[in-house]
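A.B. asks: Take this sequence and fold it.
(chains A and B)
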Amino acid sequence: MAKILICDDERDIVAALKIYLEAEGYETLCAYNGQEALDALRRNDVQLVLMDIMMPVLDGIRAMAKLREESNVPVILLTAKGEDTDKVLGLNVGADDYITKPFNPVELLARVRSQLRRYLQLGGGAARESLLRLGGVALDDKTKTVTLDGEPVSLTPREFEILRLLMQSPGEVFAPKTIYRRVWNEEPYGAESTVAVHIRHLREKLEINPAEPRYIKAVWGQGYKFDM
Amino acid sequence: MKQSIFAKAIAVVLLCAAVLVFTGAAFASYALYDSGAYTLGYDAAMRDAVEGTAYQLANEAAMRFRDGSYEGSAAPVNFRCVIEDQSGKTLYSDYEGEETLWDRVIEVEPEYGTWTYPAEELEVTPTPAPTGVPRPSAAPRATATWAYELEDFETGERYTFETEAERSAWVREHSLRVHGYVLRDLQPGDEIWSLLYLFQALYGYRNLLPWLAVGSFGLGLLLFAFLIAAAGHHKGEDAVRESFVDKIPLDLFTLLIFTGQGIVLIPLAEWSLPRNAIGFIVLGVCELLVGLQFLLWCMSLKVRVKCGTVWKNNLVCKLWGWGVRLLKKLWALLAKGLKALPFLWRWVAILGALLLFEFICFAGDGEGFVFVVHLVVLCPAVLYIVWQARKLRLAAKEIARGDLNARVDTKGMFFELREHAEDLNAIRDGVSAAVEERMKSERFRTELITNVSHDIKTPLTSIVSYVDLLEKEELANETARGYVEVLSRQASRLKKLIEDLMDASKASTGALPVKLERLELAVLTDQAAGEYRERMERAGLELIVTKPDAPVFVLADGRQVWRIFDNLLGNIVKYAQPGTRVYLDLAAQGGKAAVTFRNISRSRLNVSGAELTERFVRGDASRSSEGSGLGLSIAMSLAQLQKGELSVTVDGDLFKATLTLPET
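C.D. replies: Okay, the predicted model is just below:
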């Protein structure tokens, strides 16, 4: 079973996380600042790191940067909201995901599972031409199937088409009108909000927390994009 | 009728007729009246009518006799004369005793010129007097103070007289006596005939003619008025429109009309009563030409007045306008050229131009000294001041740009310029201190919020997590399970409350990064509506979105606008009465875009709209429902951060929130 390193200066939180993760059957290691985490990583074979940002001795961001020099183990950052800049910085330095405190245990476990699946199971999947893979989302145009971290997701044809459109040019912002024209093949006379409804469904199926999407992001006042 | 070309043509024809009738009748009436047709009776009036012409003919006869050209063929048909000298000797006669209508004797003086001088000026009698004429005495008499000189134009001789009586006597002596006769039996072919023929013809209508004149005048006036009123109206058009004639500049047009009038009228100035029918026709045509030109001018003037182009459409006005524009352009060019030059060089150019001007004007007049003083003393002084002003200018520019390290070097400055430079430096120091202070406090505030946020959230995370773990424990005690459930509920409420509190404090202190972009509000509205449509349906609400056809662009931060929408729509889902409709209207007006949210509240709102946007105020006084009471306050702060506005009004159960953002 996977080994997870939990790193937070607040011992109670570390203990609670330990309980949740062990209940799911994961092995856990504990560290209480960035330096300890780095040491523990060097000594153990760890498959996932949960790390707080604000810590004494060595904070999460700097620990993250050092860690990336020697390992590509997935890291989920634990942030208190209000550190938007830290969060962005953390992702830029090489974190794979983040969770805001106070976190919802269900969401936390879902993210842990997702990261582990990607790290352990995927990566060696046979590349097919019709396969579009971005982050944990893989879309096969031939079989019309979509998988999220290896798990199949059931989408309606419209949702599938929207996802394919967005995934074909990741980062590009598509206006609702454009999406409607390309997917419905009709002129969107006042039907633009239909697109928003479908996007919402798509998000509910693909995102762990639809309010803070990882993949399908809204650029408010402009449109939608697939981002990582 | 005003629009009908046909009606206008008829009116023009009728007007021509009326003018002709009026002038004919008025002239005839006057002529008849002048000759006494209304008072004297037919014969006397006829004689009277012919008198002027007969006199003229008698005079002409005498002249022609003198010239020796009387035998020519131009003699009038109905006029005869006998010419005598003063002694009664017949010099010429073509009268053979025919019956006459009119006869008279006229004295016709010779043609001469006469002058009067003071007597002393006259030295000698210049010419000898011809024989048979009283000779003036050669030596001036002592009593005479004036001398009268006379030149006979016929012979070219000059005479001098001492008294006026002598001169008059000479004139009388040389006059011809003409007996003029107008024959009763008139033959066509001369002025007398046409005059009397006309007279005879008109005499019978003498009482009718004045009425005819008045009537035709009235009719003419009416037609003229109609044509003026109809001018500029075209078929099927309501408004007055200019035709090509009205587009000719007014002064040019007036000049053309005047020239046209002149061409017709100048030959007519030589006119006398026509001698035959063709003459009358020519006269009438000329009159009509003059009249029609005048009519055209009046009609065009009316159109111009209606279209407001009387002043504008003038060649003079246009030339003036062009001239002014040309001058302005030249000035702008000059100003632009000067502006393009760097500060110092601009003044060098201005001074150079002034000096050149001075040199041209004064150098030749012995004022060279002034010029040299200006060149050597004044110019360097002015340029030195300008150079210092330039330093001040550059320093002020840098401070304005935000470069607070720039200092003005006060070396070599004097008087006010130095003070100004020192003041500038003082302003710079002050501003720089203030900016530093502000940045420090800003940093401090942001750090405070971040730290407080972290410090509160850390224990909260533990609470939430352990309550959750406690819930999963197999608690045997029913009461304990109840307690845990309360803990769980309140913990999640506390979590929400703290998140909102952090947002509110960040939004209201401006510690939130705002990235203003051009975004389409209609798209955002659709996106938000799409996000909430199903939640609304689940809450039993019908969402109705209206927006204008044209896209509405605003300058705002999309994420923050979404948060405002999120807060307002979230409130609606929470507080709206199920089974009612929710309206979301987008409108743009006067540089602002407004999104209006309207819904019917589920519970009674006994607070005002302004109170609702205050912190921790909720629509329900009991505060029993979920929510922190911060949503509207946050939304309002977020709107203000983006230079927008959020206003909330409550009207009975109707809740209305309007978000206004600056349009781009």
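
A.B. asks: And the helices in the stretch 501-650 of chain B?
C.D. replies: With DSSP state H, counting those that start in this stretch, the ranges of helices along the stretch 501-650 of chain B come out as B:521-538, B:558-575, B:609-612, B:631-641.

A.B. asks: neighbours of the residue of chain A found nearest chain B, just the number please.
C.D. replies: Going by CB to the nearest CB, chain B is nearest to A:Ala196 of chain A, at 1.8 Å. Every residue, glycine included, has its C-beta placed from N, CA and C. By the criterion of other CB atoms under 10 Å in any protein chain shown, A:Ala196 has 23 neighbours.

A.B. asks: What of A:Leu91?
C.D. replies: Neighbours of A:Leu91 using other CB under 10 Å come to 16.

A.B. asks: Tell me the helix or strand right after the least confident helix or strand in chain A by mean pLDDT.
C.D. replies: Every helix and strand in chain A was compared by mean pLDDT, DSSP states H and E; the lowest is helix A:84-93, with a mean of 77. Per DSSP states H and E, helix A:84-93 leads on to strand A:97-101 as the next helix or strand towards the C-terminus.

A.B. asks: that older thread, counting by contacts, list what the helix or strand where the residue of chain A closest to chain B lies packs against.
C.D. replies: A:Ala196 is located in helix A:192-206, with elements delineated by DSSP H and E. If contacts are counted by 3 or more CB pairs under 8 Å, 6 or more residues apart in numbering or on different chains; DSSP states H and E, helix A:192-206 sits against strand A:145-148, helix A:157-168, helix A:176-184, strand A:216-219, helix B:521-538.

A.B. asks: need these in a markdown table with distance to B:Ala381, can you?
C.D. replies: A markdown table is the format used below for those (distance: least, CB to CB, whole Å):
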| stretch | distance to B:Ala381 |
| --- | --- |
| strand A:145-148 | 83 |
| helix A:157-168 | 73 |
| helix A:176-184 | 69 |
| strand A:216-219 | 63 |
| helix B:521-538 | 61 |
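
A.B. asks: Indicate which one of the ones you listed is closest to B:Tyr42.
C.D. replies: When these are compared by CB to CB, helix B:521-538 sits nearest B:Tyr42, at 99.2 Å.

A.B. asks: and chain A, which residues reach chain B?
C.D. replies: Taking CB under 8 Å from any CB of the partner chain as the criterion, the neighbours of chain B within chain A are A:10, A:12-13, A:16-17, A:19-20, A:54, A:80-84, A:101-103, A:105, A:175-177, A:192-200, A:218-224.

A.B. asks: so is the residue of chain A most remote from its centre in a helix, a strand, or just coil?
C.D. replies: Note on chain A: the largest C-alpha distance from the chain mean falls to A:Tyr189, namely 35.1 Å (CA atoms, centre = their mean). Secondary structure, DSSP: H, G, I helix; E, B strand; the rest coil: A:Tyr189 is coil.

A.B. asks: For B:Val50, see how far away B:Asp94 is.
C.D. replies: 18 Å (CB to CB, to the nearest Å).

A.B. asks: the more surrounded of those two?
C.D. replies: Comparing B:Asp94 with B:Val50 by other CB under 10 Å, the one with more neighbours is B:Val50, at 23 against 14.

A.B. asks: Can you name the residues that contact that one?
C.D. replies: Neighbouring residues of B:Val50 by CB atoms under 8 Å, 6 or more residues apart in numbering or on different chains: B:101-102, B:182, B:192, B:195-196.

A.B. asks: Need the pLDDT of it.
C.D. replies: Note for B:Val50: predicted pLDDT of 81.

A.B. asks: picking up where we left off before, can you lay out the helices of the stretch 501-650 of chain B as CSV showing mean neighbour count and mean pLDDT?
C.D. replies: As requested, these are exported to CSV (neighbours: other CB atoms under 10 Å in any protein chain shown; pLDDT from 0 to 100):
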stretch, mean neighbour count, mean pLDDT
helix B:521-538, 22, 90
helix B:558-575, 21, 90
helix B:609-612, 16, 76
helix B:631-641, 23, 87
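
A.B. asks: Since that was my last question, I'll sign off now.
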